[in-house]
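Trainee: fold the following for me, if possible:
(one chain, ligands or ions: 1)
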Amino acid sequence: MVNECYIPSSLEEALDIRKNTGARPLAGGSDLMVAYKRGVGITPVFPFPILLISQLYELKGISVQRDGTVVIGALSTSSEIAADERVPYLVRKAASLMGAVSLRNTATIGGNIGNSSPKGDLPQPLILLDARVVLQSSTGKREMKVDDFIIGAKKNYLRDDELIVAVKIPRPDYTYCYYRKIGTRKANAISKLSLSALMKVEDGIIRDFRASSGAAGPKVRRSRDVENIIIGKSLEELPDLIDSVLDGWNSIISPHAMPEYRRSATRRMLGHFLEECAKAPEAGIIE
Ligand SMILES: Cc1cc2nc3c(=O)[nH]c(=O)nc-3n(C[C@H](O)[C@H](O)[C@H](O)COP(=O)(O)OP(=O)(O)OC[C@H]3O[C@@H](n4cnc5c(N)ncnc54)[C@H](O)[C@@H]3O)c2cc1C
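Mentor: Below you'll find the model as predicted:
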(Lines give C-alpha, C1' and ligand atoms only; values in the text may rest on other atoms or scores of the structure.)
Protein backbone atom coordinates (compact mmCIF):
# COMPACT_ATOMS: atom_id res chain seq x y z
CA MET A 1 0.00 0.00 0.00
CA VAL A 2 1.24 3.50 -0.83
CA ASN A 3 0.35 6.66 1.02
CA GLU A 4 -1.19 9.47 -1.01
CA CYS A 5 0.89 12.42 0.13
CA TYR A 6 0.97 16.11 -0.81
CA ILE A 7 3.91 18.42 -0.10
CA PRO A 8 2.79 22.01 -0.74
CA SER A 9 5.38 24.78 -0.99
CA SER A 10 3.11 27.56 0.32
CA LEU A 11 0.18 27.99 2.69
CA GLU A 12 -2.00 29.02 -0.25
CA GLU A 13 -1.21 25.79 -2.07
CA ALA A 14 -1.76 23.78 1.13
CA LEU A 15 -5.21 25.29 1.60
CA ASP A 16 -6.15 24.56 -2.02
CA ILE A 17 -5.09 20.93 -1.59
CA ARG A 18 -7.02 20.72 1.66
CA LYS A 19 -10.16 22.06 -0.03
CA ASN A 20 -9.87 19.79 -3.08
CA THR A 21 -8.75 16.55 -1.47
CA GLY A 22 -9.53 16.81 2.28
CA ALA A 23 -5.96 15.53 2.88
CA ARG A 24 -5.15 15.37 6.60
CA PRO A 25 -2.39 17.67 7.90
CA LEU A 26 0.74 16.05 9.31
CA ALA A 27 3.01 18.48 11.21
CA GLY A 28 5.49 16.78 13.58
CA GLY A 29 3.70 13.45 13.13
CA SER A 30 4.19 12.45 16.78
CA ASP A 31 0.49 11.65 17.17
CA LEU A 32 -0.36 10.53 13.65
CA MET A 33 2.70 8.31 13.09
CA VAL A 34 2.06 6.57 16.40
CA ALA A 35 -1.68 6.20 15.79
CA TYR A 36 -1.01 4.39 12.47
CA LYS A 37 2.27 2.61 13.33
CA ARG A 38 2.75 -0.88 11.92
CA GLY A 39 5.97 -1.95 13.62
CA VAL A 40 9.58 -0.89 14.07
CA GLY A 41 11.14 0.26 10.79
CA ILE A 42 7.90 -0.18 8.84
CA THR A 43 6.37 2.95 7.28
CA PRO A 44 2.86 3.66 8.59
CA VAL A 45 0.00 3.49 6.12
CA PHE A 46 -2.68 6.11 6.53
CA PRO A 47 -6.25 5.40 5.45
CA PHE A 48 -6.51 8.97 4.14
CA PRO A 49 -4.36 11.30 2.01
CA ILE A 50 -1.65 13.16 3.92
CA LEU A 51 -0.80 16.85 3.67
CA LEU A 52 2.76 17.45 4.87
CA ILE A 53 2.89 20.95 6.36
CA SER A 54 6.14 21.07 8.35
CA GLN A 55 7.89 23.06 5.59
CA LEU A 56 5.34 25.94 5.53
CA TYR A 57 7.20 29.01 6.81
CA GLU A 58 3.90 30.92 7.11
CA LEU A 59 3.02 28.72 10.10
CA LYS A 60 6.32 29.23 11.91
CA GLY A 61 7.55 31.77 14.44
CA ILE A 62 6.41 33.54 17.58
CA SER A 63 5.61 37.27 17.70
CA VAL A 64 4.04 39.81 20.04
CA GLN A 65 1.32 42.26 18.98
CA ARG A 66 1.14 45.86 20.22
CA ASP A 67 -1.42 45.02 22.90
CA GLY A 68 0.88 42.28 24.27
CA THR A 69 -0.97 39.37 22.65
CA VAL A 70 1.52 36.60 21.90
CA VAL A 71 0.98 34.93 18.51
CA ILE A 72 2.43 31.43 18.20
CA GLY A 73 2.63 29.91 14.71
CA ALA A 74 0.98 26.49 14.48
CA LEU A 75 4.28 24.78 13.62
CA SER A 76 6.10 26.11 16.69
CA THR A 77 7.50 23.16 18.59
CA SER A 78 7.31 22.65 22.33
CA SER A 79 11.07 23.34 22.54
CA GLU A 80 10.67 26.68 20.75
CA ILE A 81 7.72 27.64 22.95
CA ALA A 82 9.50 26.60 26.16
CA ALA A 83 12.57 28.67 25.22
CA ASP A 84 10.75 31.90 24.33
CA GLU A 85 10.41 34.21 27.34
CA ARG A 86 7.71 36.26 25.61
CA VAL A 87 5.36 33.29 25.91
CA PRO A 88 3.33 33.39 29.16
CA TYR A 89 4.90 31.30 31.92
CA LEU A 90 2.09 28.73 32.19
CA VAL A 91 2.33 27.80 28.50
CA ARG A 92 6.15 27.76 28.57
CA LYS A 93 6.12 25.54 31.62
CA ALA A 94 3.62 23.09 30.09
CA ALA A 95 5.65 22.97 26.86
CA SER A 96 8.87 22.34 28.79
CA LEU A 97 7.37 19.28 30.53
CA MET A 98 6.05 17.55 27.42
CA GLY A 99 7.72 14.21 26.78
CA ALA A 100 11.48 14.02 26.29
CA VAL A 101 13.71 16.45 24.36
CA SER A 102 13.34 14.56 21.08
CA LEU A 103 9.56 14.73 21.39
CA ARG A 104 9.63 18.43 22.30
CA ASN A 105 11.70 19.15 19.20
CA THR A 106 9.01 17.50 17.06
CA ALA A 107 5.65 18.13 18.71
CA THR A 108 3.90 21.26 17.43
CA ILE A 109 1.29 23.42 19.14
CA GLY A 110 -0.99 23.03 16.09
CA GLY A 111 -0.73 19.25 16.40
CA ASN A 112 -1.36 19.32 20.14
CA ILE A 113 -4.57 21.33 19.67
CA GLY A 114 -5.48 19.46 16.47
CA ASN A 115 -5.21 16.16 18.27
CA SER A 116 -7.53 17.48 21.01
CA SER A 117 -6.60 14.79 23.50
CA PRO A 118 -7.77 15.42 27.07
CA LYS A 119 -4.18 14.51 28.03
CA GLY A 120 -2.64 17.10 25.70
CA ASP A 121 -0.55 19.48 27.78
CA LEU A 122 -0.92 22.76 25.91
CA PRO A 123 -4.72 23.20 25.70
CA GLN A 124 -4.89 23.26 29.50
CA PRO A 125 -3.01 26.55 30.15
CA LEU A 126 -4.25 27.95 26.83
CA ILE A 127 -7.86 27.54 27.97
CA LEU A 128 -7.01 29.13 31.33
CA LEU A 129 -5.55 32.15 29.53
CA ASP A 130 -8.52 32.52 27.12
CA ALA A 131 -6.24 31.82 24.14
CA ARG A 132 -7.75 31.74 20.66
CA VAL A 133 -6.99 29.44 17.77
CA VAL A 134 -6.66 30.99 14.29
CA LEU A 135 -8.13 28.80 11.53
CA GLN A 136 -7.61 29.46 7.84
CA SER A 137 -9.17 28.09 4.65
CA SER A 138 -8.77 29.27 1.07
CA THR A 139 -11.78 31.54 1.63
CA GLY A 140 -10.55 33.31 4.77
CA LYS A 141 -9.68 33.21 8.46
CA ARG A 142 -11.71 32.75 11.60
CA GLU A 143 -10.82 32.68 15.29
CA MET A 144 -12.26 30.73 18.20
CA LYS A 145 -11.37 30.33 21.84
CA VAL A 146 -9.40 27.10 22.27
CA ASP A 147 -12.04 26.21 24.88
CA ASP A 148 -14.79 26.43 22.24
CA PHE A 149 -12.71 24.81 19.47
CA ILE A 150 -12.12 21.58 21.42
CA ILE A 151 -15.42 19.75 21.82
CA GLY A 152 -14.22 16.66 23.70
CA ALA A 153 -11.76 13.78 23.49
CA LYS A 154 -10.18 13.96 20.00
CA LYS A 155 -13.05 16.09 18.71
CA ASN A 156 -12.89 19.68 17.55
CA TYR A 157 -14.46 22.16 15.16
CA LEU A 158 -11.73 22.04 12.48
CA ARG A 159 -13.41 22.08 9.06
CA ASP A 160 -12.24 19.76 6.27
CA ASP A 161 -10.81 22.68 4.28
CA GLU A 162 -9.04 24.43 7.20
CA LEU A 163 -5.66 24.47 8.87
CA ILE A 164 -4.78 25.76 12.30
CA VAL A 165 -2.37 28.57 11.46
CA ALA A 166 -1.69 30.18 14.85
CA VAL A 167 -2.64 30.51 18.50
CA LYS A 168 -3.16 33.92 20.11
CA ILE A 169 -2.62 34.34 23.84
CA PRO A 170 -3.80 37.59 25.48
CA ARG A 171 -1.26 39.11 27.88
CA PRO A 172 -2.08 37.55 31.26
CA ASP A 173 -2.61 39.78 34.27
CA TYR A 174 -2.13 38.01 37.58
CA THR A 175 -0.48 38.24 40.97
CA TYR A 176 0.03 34.53 41.57
CA CYS A 177 0.19 31.60 39.19
CA TYR A 178 0.69 27.86 39.46
CA TYR A 179 1.37 24.94 37.14
CA ARG A 180 1.67 21.29 38.06
CA LYS A 181 1.77 18.17 35.91
CA ILE A 182 1.71 14.71 37.34
CA GLY A 183 3.12 12.14 34.90
CA THR A 184 4.14 8.51 35.17
CA ARG A 185 7.83 9.16 34.67
CA LYS A 186 9.82 12.14 33.55
CA ALA A 187 10.80 11.03 30.04
CA ASN A 188 7.95 10.93 27.55
CA ALA A 189 5.24 11.04 30.19
CA ILE A 190 1.78 11.86 28.93
CA SER A 191 -0.07 13.72 31.68
CA LYS A 192 -1.90 11.68 34.22
CA LEU A 193 -3.17 14.93 35.57
CA SER A 194 -2.34 18.61 35.32
CA LEU A 195 -3.58 21.83 36.84
CA SER A 196 -3.02 25.51 36.11
CA ALA A 197 -4.28 28.32 38.28
CA LEU A 198 -3.88 32.05 38.57
CA MET A 199 -5.13 34.77 40.88
CA LYS A 200 -5.04 38.53 40.65
CA VAL A 201 -5.18 40.43 43.93
CA GLU A 202 -5.55 44.21 44.27
CA ASP A 203 -5.68 45.94 47.66
CA GLY A 204 -6.31 42.56 49.29
CA ILE A 205 -9.31 41.80 47.04
CA ILE A 206 -9.36 38.86 44.63
CA ARG A 207 -10.05 40.47 41.25
CA ASP A 208 -9.54 37.35 39.15
CA PHE A 209 -9.20 33.64 39.82
CA ARG A 210 -9.00 30.89 37.24
CA ALA A 211 -8.17 27.22 37.29
CA SER A 212 -8.08 24.54 34.62
CA SER A 213 -7.65 20.78 34.92
CA GLY A 214 -6.10 18.56 32.27
CA ALA A 215 -6.67 14.80 31.96
CA ALA A 216 -9.53 14.92 34.45
CA GLY A 217 -12.36 14.44 31.97
CA PRO A 218 -13.00 14.30 28.21
CA LYS A 219 -11.68 17.85 27.85
CA VAL A 220 -9.88 20.50 29.87
CA ARG A 221 -12.23 21.84 32.52
CA ARG A 222 -12.76 25.39 33.70
CA SER A 223 -15.78 26.70 35.58
CA ARG A 224 -16.77 30.35 35.84
CA ASP A 225 -19.27 29.40 38.57
CA VAL A 226 -16.53 27.95 40.75
CA GLU A 227 -14.16 30.82 39.95
CA ASN A 228 -16.88 33.29 40.97
CA ILE A 229 -17.06 31.79 44.48
CA ILE A 230 -13.98 33.81 45.44
CA ILE A 231 -13.78 36.61 42.85
CA GLY A 232 -14.61 39.87 44.66
CA LYS A 233 -13.81 38.39 48.09
CA SER A 234 -10.86 39.44 50.23
CA LEU A 235 -7.75 37.34 50.80
CA GLU A 236 -8.74 37.32 54.49
CA GLU A 237 -12.01 35.60 53.59
CA LEU A 238 -10.26 33.09 51.32
CA PRO A 239 -9.41 30.38 53.92
CA ASP A 240 -13.10 29.98 54.78
CA LEU A 241 -14.03 29.62 51.10
CA ILE A 242 -11.41 27.10 50.02
CA ASP A 243 -13.57 24.06 50.77
CA SER A 244 -16.45 25.48 48.70
CA VAL A 245 -14.10 26.01 45.77
CA LEU A 246 -12.66 22.51 46.09
CA ASP A 247 -16.11 20.90 46.39
CA GLY A 248 -17.31 22.90 43.38
CA TRP A 249 -14.24 21.86 41.43
CA ASN A 250 -14.76 18.22 42.35
CA SER A 251 -18.27 18.39 40.88
CA ILE A 252 -17.10 19.67 37.48
CA ILE A 253 -14.31 17.19 36.77
CA SER A 254 -15.19 13.71 35.48
CA PRO A 255 -12.09 11.49 35.35
CA HIS A 256 -12.97 8.11 33.84
CA ALA A 257 -9.80 6.25 34.84
CA MET A 258 -8.54 6.13 38.43
CA PRO A 259 -11.26 8.63 39.42
CA GLU A 260 -10.55 8.59 43.15
CA TYR A 261 -6.85 9.22 42.67
CA ARG A 262 -7.45 11.97 40.12
CA ARG A 263 -10.08 13.66 42.28
CA SER A 264 -7.95 13.66 45.43
CA ALA A 265 -4.77 14.74 43.61
CA THR A 266 -6.64 17.59 41.90
CA ARG A 267 -8.08 18.65 45.24
CA ARG A 268 -4.62 18.68 46.79
CA MET A 269 -3.09 20.72 43.97
CA LEU A 270 -5.84 23.34 43.87
CA GLY A 271 -6.04 23.43 47.67
CA HIS A 272 -2.29 24.02 47.88
CA PHE A 273 -2.48 26.94 45.44
CA LEU A 274 -5.37 28.59 47.32
CA GLU A 275 -3.79 28.07 50.75
CA GLU A 276 -0.52 29.59 49.55
CA CYS A 277 -2.34 32.59 48.03
CA ALA A 278 -4.21 33.13 51.32
CA LYS A 279 -0.82 33.72 52.97
CA ALA A 280 -0.44 36.75 50.67
CA PRO A 281 3.11 35.96 49.58
CA GLU A 282 5.19 38.11 47.24
CA ALA A 283 3.69 38.20 43.77
CA GLY A 284 4.96 35.42 41.52
CA ILE A 285 4.88 31.72 40.92
CA ILE A 286 3.48 29.47 43.63
CA GLU A 287 5.53 26.29 43.80
C1 LIG B 1 6.40 9.23 23.21
C2 LIG B 1 5.37 10.34 23.15
C3 LIG B 1 5.24 11.18 24.26
C4 LIG B 1 4.31 12.20 24.23
N5 LIG B 1 4.22 13.02 25.33
C6 LIG B 1 3.31 14.02 25.31
C7 LIG B 1 3.21 14.89 26.43
O8 LIG B 1 3.92 14.79 27.43
N9 LIG B 1 2.27 15.87 26.37
C10 LIG B 1 1.45 16.03 25.28
O11 LIG B 1 0.62 16.94 25.28
N12 LIG B 1 1.53 15.22 24.22
C13 LIG B 1 2.45 14.23 24.19
N14 LIG B 1 2.52 13.40 23.10
C15 LIG B 1 1.58 13.58 21.99
C16 LIG B 1 2.11 14.47 20.83
O17 LIG B 1 3.51 14.52 20.80
C18 LIG B 1 1.55 15.91 20.91
O19 LIG B 1 0.13 15.90 20.87
C20 LIG B 1 2.09 16.82 19.80
O21 LIG B 1 1.90 18.17 20.17
C22 LIG B 1 1.45 16.57 18.45
O23 LIG B 1 2.04 17.48 17.52
P24 LIG B 1 2.50 16.98 16.09
O25 LIG B 1 2.95 18.16 15.34
O26 LIG B 1 3.48 15.86 16.21
O27 LIG B 1 1.09 16.44 15.55
P28 LIG B 1 0.75 15.48 14.33
O29 LIG B 1 0.92 14.06 14.72
O30 LIG B 1 1.41 15.95 13.09
O31 LIG B 1 -0.81 15.82 14.23
C32 LIG B 1 -1.70 15.57 15.31
C33 LIG B 1 -3.13 15.90 14.88
O34 LIG B 1 -3.28 17.30 14.65
C35 LIG B 1 -3.60 17.57 13.29
N36 LIG B 1 -2.82 18.74 12.91
C37 LIG B 1 -1.48 18.93 13.03
N38 LIG B 1 -1.14 20.18 12.67
C39 LIG B 1 -2.28 20.78 12.27
C40 LIG B 1 -2.58 22.09 11.77
N41 LIG B 1 -1.65 23.05 11.64
N42 LIG B 1 -3.86 22.37 11.45
C43 LIG B 1 -4.83 21.44 11.61
N44 LIG B 1 -4.62 20.20 12.11
C45 LIG B 1 -3.35 19.88 12.43
C46 LIG B 1 -3.25 16.30 12.52
O47 LIG B 1 -4.02 16.15 11.34
C48 LIG B 1 -3.54 15.25 13.57
O49 LIG B 1 -4.92 14.98 13.62
C50 LIG B 1 3.46 12.38 23.10
C51 LIG B 1 3.60 11.53 21.98
C52 LIG B 1 4.54 10.53 22.01
C53 LIG B 1 4.68 9.64 20.80
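Trainee: what segments of this protein are strands?
Mentor: Listed in chain order, the strands found in the chain under DSSP state E are 5-6, 24-26, 50-52, 62-64, 70-73, 132-137, 140-145, 150-152, 155-156, 163-169, 176-183, 191-202, 205-214, 284-285.
Trainee: ok, and what's touching the first one?
Mentor: In this case it means strand 5-6. Residues from elsewhere that reach strand 5-6 (CB atoms under 8 Å, 6 or more residues apart in numbering): Ala14, Ile17, Thr21, Ala23, Pro49, Ile50, Leu51, Leu52. Just so you know, the C-beta spots here come from the backbone N, C-alpha and C atoms, and that holds for glycine as well.
Trainee: what's the burial count for the fifth one?
Mentor: The reference is to Pro49. 15 (other CB atoms under 10 Å).
Trainee: let me know the pLDDT of Arg104.
Mentor: Per-residue confidence at Arg104 stands at 96 (pLDDT).
Trainee: run a quick neighbour tally on the residue nearest to it when sequence neighbours are not counted.
Mentor: Computed as CB to CB, 6 or more residues apart in numbering, the closest residue to Arg104 that is not its neighbour in sequence is Ser78, at 4.0 Å. Look at Ser78: counted by other CB under 10 Å, it has 29 neighbours.
Trainee: ditto for Asp31
Mentor: As a burial measure, Asp31 scores 19 neighbours (other CB under 10 Å).
Trainee: tell me the contacts of it?
Mentor: Asp31 makes contact with Gly111, Asn115, Ser117 under the criterion CB under 8 Å, 6+ apart.
Trainee: of these, list those near the ligand.
Mentor: The subset of the contacts of Asp31 within reach of the ligand, by CB under 6 Å from any ligand atom, is Gly111, Asn115.
Trainee: give me the neighbour count for the residue of the stretch 151-287 of the chain found nearest the ligand.
Mentor: As assessed by CB to the nearest ligand atom, the ligand sits closest to Ile164 within the stretch 151-287 of the chain, at 3.5 Å. For Ile164, the tally of surrounding residues (other CB under 10 Å) stands at 26.
Trainee: swap in Thr106?
Mentor: 18.
Trainee: flag every buried residue along the longest helix seen in the chain.
Mentor: Longest helix in the chain, counting residues (DSSP state H): helix 259-278. Along helix 259-278, the positions that meet the burial threshold by neighbour count (16 or more other CB atoms under 10 Å) are Arg262, Arg263, Ala265, Thr266, Arg267, Met269, Leu270, His272, Phe273, Leu274, Cys277, Ala278.
Trainee: nearest to Arg222, of those?
Mentor: When the buried residues of helix 259-278 are compared for distance to Arg222 (CB to CB), Leu270 comes out closest, at 12.1 Å.
Trainee: residue contacts, that closest one?
Mentor: Taking CB under 8 Å, 6+ apart, one finds Leu195, Ala197, Ala211, Val245, Leu246, Trp249 in contact with Leu270.
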